[in-house]
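> 3D, please:
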Amino acid sequence: MKNSFSHLVVLSSFIFLFSCNGHEKEFRVIKPEVLKDKIAGGWAGQTIGCTYGGPTEFDFEGTIIQDYYHIPWNDHYIKWYFDNSPGLYDDVYMDLSFVSIFDKYGIDAPVDSFAYAFANAKFELWHANQVARYNILNGIKPPVSGHWLNNPHADCIDFQIEADFAGLMCPGMPNSASEVCDKIGHIMNSGDGWYGGVYVAAMYSLSFISNDIEYIVTEALKSIPDSSSLHQCLSDVICWYKKYPDDWKQTWFEVEKNWSEDVGCPEGVFSSYNIDAKINCAYVVIGLLYGRGDFNKTIDIATRCGQDSDCNPATAGGILGTILGYEKIPVFWKTSLEEVRNMNFAYTEISINEADLMSYQQALQMIERNGGKITETEITIKTQKISPVGFEKNFAGHYPAEKRRVNANFSDTVNITFNGNGIVLEGYLFFRNNINADRNYVAKAEVYIDDELVETISLPANYRIRKNDVFWKYQMPSKDHMLKLIWLNPDKNVDVHVNEAIIYSYEPSKFVKGLAGTSL
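Take a look at the predicted model:
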């Protein structure tokens, strides 16, 4: 890694000024059209990357997408998704929901305005986002709506795929991007789940002032506490890149060996499915480093790493698009994008053209707010030396011990005996009689642990506002427990199925000798 001072002088043409107190300040001067082009490149790259990886999303879990697997593309591909499967762009329209609040209420918009819009939006959500929506609608406000004790998906990828806007509105100002992330990212995430968004926003921010991808990837990591798992994972990726500079698949294998365990997400525990922020962020970094500034290679590698393989190339494509600017994105990709430039993304009244303009205006406000200057012919950005955000750790002292098939309905007796300090029940509400069922029905149940009432849960039939997991409880005494559910408002047309219980322990599971090593 080159000395950052000399590195930035060469690559970014900084102008150095000195204040009267002798402290050095760094400024970057760029033209308005360059800033506009980079912001347009960010939104375009995100949209293109999301579309390219769309057909592969979670079809490849714990495996790469082999070279012989053809990922389709044509000049009308984005338009097809806009018309036929607009829900693909959930990470984009989630971004835009926050951009629209800034546009409506200004850059000092309070967190409640974002939380209210997010919770009441018409689009469907999953994982940490859906838990946060449920929490907010039921009186649990940010930042506790994203805290792991209230959100079993707090380490999931959600804010990571939605943080692009924070970097785009803070060019060259990664600390300001972190402040935006603190306000909004804690609506749905905490710990590594939040750090993923902070890191992505920092990479976007640095993409305005450097075109050195290795520098951007490494420097942005300074925004994350080095004691966090996400920092350690991405530091490993950078080291493996240096060790295996021509073999992204070897780095991918190292990531799988060392970082593929998912502790928090109920679906990912004891499963090949992995929506954890840090491993998917590792795939983004693999795409950026091994793509080496080539747009085609970057989004292709980020996609072929698997798992959340539409969101990861969206993030990598957006960052590289910001580095390159829209004009330098290959025409091969832009032809398809041009068809939808004036079309609104689903659930929004915002097109790509409008997103470009809104982010540009917000960037100008942030530049002035943070000591920069704007004239008709040039924009002076007061750049920031990155400071790490505060330390957060989700699921401390909680290790997956068992995933147990429960396979019981509320109409039956639901009794679960377990030993541990935490439990999550996965399940879903379903209609027995679709003709007579009340779509506004909300199942109510009391949850008893060791004969003590610990929570009265509500499970809406409406999928948009559903409770993502039936029940969870952490930080219990580590001992034998008895959990019992009592259904308070039975309905003959509806039932709730509990399919699995994930049980946690204070200590990691010990390896138990079995058939391994024996002769049969």
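> Stretch 382-397: which residues count as buried?
Neighbour-count burial for stretch 382-397 flags 382, 383, 384, 386, 388, 389, 392, 394, 395 (criterion: 16 or more other C-beta atoms under 10 Å). For glycine as for every other residue, the C-beta is placed from the backbone atoms N, C-alpha and C.
> Could you give me the buried positions within the longest helix anywhere in the chain?
In the chain, taking DSSP state H as the definition, the longest helix is helix 32-53. Neighbour-count burial for helix 32-53, with 16+ other C-beta under 10 Å as criterion, is recorded at 35-53.
> any idea of the angle whatever helix or strand comes next after that helix forms with helix 32-53?
Following helix 32-53 in sequence order, the next helix or strand is helix 77-84 (DSSP states H and E). Computed by axes from the mean of the first three to the mean of the last three C-alpha atoms, to 10 degrees, the angle separating helix 77-84 from helix 32-53 equals 70 degrees.
> Toward the C-terminus, what is the element adjacent to helix 77-84?
Heading C-terminal from helix 77-84 (DSSP H and E), you reach helix 90-105.
> how far is that next one from where the chain is centred?
How far helix 90-105 lies from its chain's middle: 15 Å, per C-alpha atoms, centre = their mean, to the nearest Å.
> pull the CA atoms of the helix or strand just after that helix into PDB?
Note on helix 90-105: by DSSP H and E, the next helix or strand toward the C-terminus is helix 111-120. Extracted C-alpha coordinates of helix 111-120, given in PDB (Å, rounded to 0.1, in the frame of the first residue of the first chain):
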ATOM      1  CA  VAL A 111     -34.800   9.800  11.400                       C
ATOM      2  CA  ASP A 112     -38.500   9.400  12.100                       C
ATOM      3  CA  SER A 113     -39.400  10.700   8.600                       C
ATOM      4  CA  PHE A 114     -37.300   8.000   7.000                       C
ATOM      5  CA  ALA A 115     -38.600   5.300   9.400                       C
ATOM      6  CA  TYR A 116     -42.200   6.300   8.800                       C
ATOM      7  CA  ALA A 117     -41.800   6.300   5.000                       C
ATOM      8  CA  PHE A 118     -39.900   3.000   5.100                       C
ATOM      9  CA  ALA A 119     -42.500   1.300   7.300                       C
ATOM     10  CA  ASN A 120     -45.500   2.400   5.400                       C
END
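> So what touches helix 111-120?
The contact list for helix 111-120, computed with C-beta atoms under 8 Å, 6 or more residues apart in numbering, reads 97-98, 100-101, 105, 129, 132-133, 136-137, 141-142, 145, 183-184, 187-188.
> how close does residue 299 get to residue 146?
Counting by C-beta to C-beta, to the nearest Å, the gap from residue 299 to residue 146 is 29 Å.
> meant to ask about residue 342
35 Å.
> These two - which one has more neighbours?
Neighbour totals were compared for residue 342 and residue 146, and residue 146 leads with 30 against 10 (other C-beta atoms under 10 Å).
> Can you tell me the closest non-neighbouring residue to residue 426?
Excluding the flanking residues, the one nearest residue 426 by C-beta to C-beta, 6 or more residues apart in numbering is residue 500, at 4.6 Å.
> Where does the one you found sit, in terms of helix or strand?
strand 494-505.
> same deal with residue 256?
helix 248-259.
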